[in-house]
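Asks: sequence? don't have it. structure:
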């Protein structure tokens, strides 16, 4: 699977976790040059607190376009150290 925005591969892995219609990519598959830490968080009753990343390519920024659960609840432990995408980021095989 690949996560792509503006023609750049943000992440690529054969080891994604598919959960709630999202492919979660392992941390080691990320092209970190495109990721900036966001201060945004959100809470899920069964997964826990999500933290976000902005995606920056050149002068373009896709704010809060990726998220992860650094300390997920037990029910979602399989997505610890994994990142998912939205906001126009294409996910394809």
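Replies: Received the coordinates, thanks. Here the structure is a predicted model, which is why all the values come from computation and not from measurement.

Asks: where do the strands sit along the protein?
Replies: 2-5, 8-12, 17-19, 22-26, 35-44, 48-57, 60-68, 82-85, 90-92 (DSSP state E).

Asks: most distant residue from the middle of the chain?
Replies: Distance from the C-alpha centroid of the chain peaks at residue 59, with 20.3 Å (Cα atoms, centre = their mean).

Asks: Show the model's pLDDT score for that one.
Replies: The model reports residue 59 with a pLDDT of 97.

Asks: Pop out the phi and psi values for it.
Replies: Per-residue torsions, residue 59: phi -90, psi 0 (degrees, to the nearest 10).

Asks: Same question for the one 10 residues further on.
Replies: According to degrees, to the nearest 10, the main-chain angles of residue 69 amount to phi -110, psi 100.

Asks: returning to what we had before: list the contacts for the residue farthest from the centre of the chain?
Replies: If you count contacts by Cβ atoms under 8 Å, 6 or more residues apart in numbering, residue 59 has none. For glycine as for every other residue, the C-beta is placed from the backbone atoms N, C-alpha and C.

Asks: And residue 14, by the same measure?
Replies: With contacts taken as Cβ under 8 Å, 6+ apart, residue 14 has the following neighbours: residue 1.

Asks: For it, give its distance to residue 63.
Replies: Applying Cβ to Cβ, to the nearest Å, one obtains 29 Å for the distance of residue 14 from residue 63.

Asks: returning to what we had before: of all the strands of the chain, which one is nearest residue 74?
Replies: Residue 74 sits nearest to strand 48-57 of all those, at 9.3 Å, using Cβ to Cβ.

Asks: What lies in contact with the closest one?
Replies: Residues outside strand 48-57 that contact it (Cβ under 8 Å, 6+ apart): 5-6, 8, 10, 34-38, 40-44, 61-73, 76, 83, 89.

Asks: Neighbouring strands - and their directions - for it?
Replies: Take DSSP bridges as the rule and strand 48-57 pairs in its sheet with strand 35-44 (antiparallel), strand 60-68 (antiparallel).

Asks: From residue 39, how far off is residue 62?
Replies: Note on residue 62: its distance to residue 39, by Cβ to Cβ, is 16 Å.

Asks: So these two - more neighbours on which side?
Replies: Taking neighbours as other Cβ atoms under 10 Å, residue 62 and residue 39 compare with residue 62 leading, 20 against 8.
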